[in-house]
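Student: Just need the structure, nothing else, for what follows:
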Amino acid sequence: QVQLVESGGGLVQPGGSLRLSCAASRGTFSEDSMGWFRQAPGKQREVVAAISWSGSSTYYADSVKGRFTISRDNAKNTVYLQMNSLKPEDTAVYYCTVVGTDHDNWYSLLDYWGQGTQVTVSS
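Tutor: Below you'll find the predicted structure:
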């Protein structure tokens, strides 16, 4: 069972930046596509960004394109989410997971989620 530990969240003003990290315990991390999801209060969890096992292919939700960048370091079993130009609507708990895809419909391959990291964008 892979352990995923998200970190890097916090309180930031609109227009600010944060960098989230997700450390994975699984030795097969370098073979997995990884993704970031978020869940705002009262809303369904949604995919934010995803990255292939090699890092050569990425996906972004329309709401974050041009502002967020997903990357990974397979030597460190870590995936990152650089978030710039943050908006109040980006406020949510952010989770990382191992992902699969079906025609840009991204989904978690795990049946559990980590503790997530809270991102709050507010002045």
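Student: packing partners for the top strand by length along the chain?
Tutor: Among the elements of type strand in the chain, defined by DSSP state E, the one spanning the most residues is strand 92-102. Contact here means 3 or more Cβ pairs under 8 Å, 6 or more residues apart in numbering; DSSP states H and E; on that basis strand 92-102 packs against strand 4-7, strand 18-24, strand 34-39, strand 46-51, strand 78-83, strand 105-108, strand 117-121. In this view, the C-beta of every residue, glycine as well, is placed from N, C-alpha and C.
Student: can you put those strands in TSV and add distance to S71?
Tutor: Rendered in TSV, the data for the helices and strands packed on strand 92-102 read as follows (distance: least, Cβ to Cβ, whole Å):
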stretch	distance to S71
strand 4-7	15
strand 18-24	10
strand 34-39	10
strand 46-51	7
strand 78-83	5
strand 105-108	17
strand 117-121	17
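Student: For stretch 94-105, which outside residues touch it?
Tutor: 2, 4, 6, 9, 20, 22, 24, 32-39, 45, 47-48, 50, 59, 79, 81, 106-110, 113-114, 116-119 (Cβ atoms under 8 Å, 6 or more residues apart in numbering).
Student: Name every strand pairing with the helix or strand of the chain with the lowest mean pLDDT and say which way it goes.
Tutor: Within the chain, no helix or strand scores below strand 105-108, which has a mean of 92 by mean pLDDT, DSSP states H and E. Sheet partners assigned to strand 105-108 using DSSP bridges are listed as strand 92-102 (antiparallel).
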